[in-house]
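# Need coordinates for the following:
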Amino acid sequence: MGPRQINNILAPGVADPHGHWHSCKLDINNCSPGQIETMQDFRLQFLSAVNGLGASSSRGLFIDSCYAHCQTETQETWLRTDSPLLGRTTIAKAVGDWFYDRSSFQKIDCPYPCNPTCHNRVFDPQEHPEI
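You can find the predicted model right below:
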């Protein structure tokens with residue numbers, strides 16, 4: 001689950017008037033054990049919803065445990081040699097193979113913080129005032 005899901009779904013400003021999630025939303029290393037548990041529960045609900053869609057060979061899944069948003073928009077997470085991996089596959093390769101019908105890709109990562117290939121990006125509030 002990325003920062004945007006926490007900011008916009010799990011703990012938006014209106015649901016966190018005292019700012020208990022503010023530090024956690026900026027840097028996952030600042031999250032309390034209770035906040036991590038809440039995020040893991042949210043992950044389980046998300047995966048349950050995905051499983052509820054049923055099986056489909058035309059559906060691609062690349063669900064990693066990286067604490068980053070918009071992994072398809074930056075070279076850091078899309079095309080670099082150290083891009084995050086699932087099953088030894090980058091998101092760029094997985095999406096390309098799925099899109100061009102070369103092979104299906106349906107993988108779901110273990111819960112955060114299990115994936116050592118993640119770039120868990122810390123967002124600077126001056127750079128991203130919407131957070």
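# Looking at strand pairing, list the partners for residue 85.
Residue 85 forms beta bridges with residue 90, as assigned by DSSP bridges.
# wait, it sits on residue 118?
No. The criterion here is CB atoms under 8 Å, and residue 85 misses it with residue 118 at 9.1 Å. (C-beta placed from N, C-alpha, C; glycine too.)
# Burial check on the residue nearest to residue 30 when sequence neighbours are not counted, number of neighbours?
Spatially, and ignoring its direct neighbours in sequence, residue 30 is nearest to residue 23 (4.2 Å; CB to CB, 6 or more residues apart in numbering). Other residues near residue 23 come to 13 when the count uses other CB atoms under 10 Å.
# does residue 23 sit in a helix, a strand or a coil?
The three-state assignment at residue 23 reads helix, by DSSP: H, G, I helix; E, B strand; the rest coil.
# where does it land on pLDDT?
On pLDDT, residue 23 comes in at 86.
# That one and residue 52: what is the separation?
33 Å (CB to CB, to the nearest Å).
# Same question for residue 28.
On the measure of CB to CB, residue 28 and residue 52 end up 27 Å apart.
# which one of those two has more residues nearby?
Between residue 28 and residue 52, counted using other CB under 10 Å, the more crowded position is residue 28 (22 against 7).
# excluding its backbone neighbours, what's nearest that one?
Computed as CB to CB, 6+ apart, the closest residue to residue 28 that is not its neighbour in sequence is residue 67, at 4.4 Å.
# What helix or strand is residue 98 located in?
helix 91-99 (DSSP states H and E).
# Can you give the contact residues for the helix or strand that that helix is followed by?
Once helix 91-99 ends, the next helix or strand along the chain (criterion: DSSP H and E) is strand 106-108. Residues outside strand 106-108 that contact it (CB atoms under 8 Å, 6 or more residues apart in numbering): 47, 50, 59, 60, 61, 62, 63, 86, 87, 89, 94.
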